[in-house]
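**Student:** The amino acid sequence is not available; the structure is as follows:
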């Protein structure tokens, strides 16, 4: 199992997702579509991951790939539960895209998050309309399809990727299946995971003090409004404090400044 | 008359601020804009849309944050709706 670095987890905290290109080996991708078309048996909500998929099954093999298992452990800890899974198919030339949305319902937990794994068994070209993802949208408080009015946001990611790519997404990320203008079906397999332990320092923290961590957490996205973009950094600092247990962490004094309330008679 | 509606989301409440998001709904039926269909906005600022003949029909109000929710983020705040009218043909 290979754990994520602090810089990678900081990137997740800022972007709301991590992307692993071609992480699934070609021999698995080659049999994936047949497996997905046959259907993957439903798993009761809250099933421990180790009991969710039978030994030797495709899904089990996927989540036990060392890089996938390591990333899941780094974000969720040991033995997360499987919330649900689904095979998503975008039909060729279907004529419309899915509206921008967040999955499930509004979910504003400040110190816990679910992770959604998205696996693409084949290459996704621009024509095939890969998943639309809005980087840095995961901390916005919206409910499901309410942001559907927004068609395009600056800096959005219109996913194109090689076969075997895996994305891990924070539950709050805004996303949608884009219109498939190609001639072939587009497949994506999704699993939602719930943590069962506090999500504090679960990754390889050797690089916690590396400047790359603050650099990742300071990322500004082109669709942020000028003023609200500052609040995004504020909220990201709070998320990083929760993830690290470090209540003194800050970026450019954003949280510290507005928390400073000297008591009457204080000489501070 | 047929209506085209353009929604521009701007960086600040100023109409000449730069565009951060956009949507187009075409009542003429000539085009079928949809989610995630482009990476470049049709205009750089709201003012650019006016200069190209779009008529502003609604601007987002400036509403102070609710007490206790000053640091929450949610929908884009600076939404401007424009229209163009086309004669039926």
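**Tutor:** Happy to help now that I have it. These figures come from a predicted structure and were not determined experimentally.
**Student:** On the pLDDT front, check the residue in chain B sticking out farthest from the centre for me.
**Tutor:** Residue distances from the centre of chain B (CA atoms, centre = their mean) peak at residue B:68, which lies 29.0 Å from the mean C-alpha position. If you check residue B:68, the pLDDT there is 96.
**Student:** Show me the contact partners of the helix or strand harbouring residue A:257.
**Tutor:** Secondary structure assigned from DSSP states H and E places residue A:257 in helix A:254-259. With CB atoms under 8 Å, 6 or more residues apart in numbering or on different chains as the test, helix A:254-259 has contacts from A:230, A:233-234, A:237-238, A:250. Just so you know, the C-beta spots here come from the backbone N, C-alpha and C atoms, and that holds for glycine as well.
**Student:** Buried ones in it, by neighbour count?
**Tutor:** A:254-255 (16 or more other CB atoms under 10 Å in any protein chain shown).
**Student:** Same check on stretch A:91-105?
**Tutor:** So, applying 16+ other CB under 10 Å, buried residues of stretch A:91-105: A:97-103.
**Student:** now swap in stretch A:122-137 and tell me
**Tutor:** Burial within stretch A:122-137, assessed by neighbour count using 16+ other CB under 10 Å, is assigned to A:122, A:124, A:128-137.
**Student:** just stretch A:167-182 next, same as before
**Tutor:** For stretch A:167-182, the neighbour count (16+ other CB under 10 Å) marks A:167-180, A:182 as buried.
**Student:** can you tell me which of these are up against chain B?
**Tutor:** A:176, A:178-179 (CB under 8 Å from any CB of the partner chain).
**Student:** Could I get the contacting residues of residue A:66?
**Tutor:** A:1-2.
**Student:** near chain B at all, stretch A:154-161?
**Tutor:** Yes. Part of stretch A:154-161 sits near chain B under the criterion CB under 8 Å from any CB, namely A:154, A:156, A:158.
**Student:** quick one: the helices in the chain?
**Tutor:** Defaulting to chain A. For chain A, applying DSSP state H gives helices covering A:6-15, A:26-38, A:49-52, A:58-64, A:66-76, A:211-217, A:226-244, A:254-259.
**Student:** Oops, wrong one, chain B.
**Tutor:** According to DSSP H, chain B carries its helices in the segments B:46-51.
**Student:** Enumerate the residues of it near chain A.
**Tutor:** For chain B, the residues in contact with chain A (CB under 8 Å from any CB) are B:7, B:9-12, B:17, B:19-24, B:32-39, B:41, B:71-78.
**Student:** Buried ones among those?
**Tutor:** When the residues of chain B next to chain A are checked for burial by 16+ other CB under 10 Å, the buried set is B:7, B:9-11, B:17, B:19-24, B:33-37, B:41, B:73, B:76-78.
**Student:** who's in contact with stretch A:211-228?
**Tutor:** In contact with stretch A:211-228 (CB under 8 Å, 6+ apart) are residues A:6-7, A:10-11, A:13-15, A:134-136, A:153-156, A:207, A:229, A:232-233, A:236-237, A:240, A:251-252, B:9-12, B:17, B:20-21, B:73, B:76-78.
**Student:** and it, how far from the chain's centre?
**Tutor:** Relative to the centre of its chain, stretch A:211-228 is centred 17 Å away, using CA atoms, centre = their mean, to the nearest Å.
**Student:** Over to stretch A:120-139?
**Tutor:** With CA atoms, centre = their mean, you get 12 Å for stretch A:120-139.
**Student:** Is there a neighbour count for residue A:71? I'd like the number.
**Tutor:** By other CB atoms under 10 Å in any protein chain shown, the residues close to residue A:71 number 26.
**Student:** same check, this time on the one 10 residues further on
**Tutor:** For residue A:81, the count of nearby residues is 21 (other CB under 10 Å).
**Student:** cool, residue B:51 as well?
**Tutor:** Applying other CB under 10 Å, we find 10 other residues in the vicinity of residue B:51.
**Student:** Could I get the pLDDT score of it?
**Tutor:** Listed pLDDT for residue B:51 reads 98.
**Student:** Give the bridge partners for the residue nearest the centre of chain A, please.
**Tutor:** Of all residues in chain A, the one closest to the mean position by CA atoms, centre = their mean is residue A:169, 1.1 Å from it. In this structure, residue A:169 has beta-bridge partners residue A:17, residue A:116, where bridges are defined by DSSP bridges.
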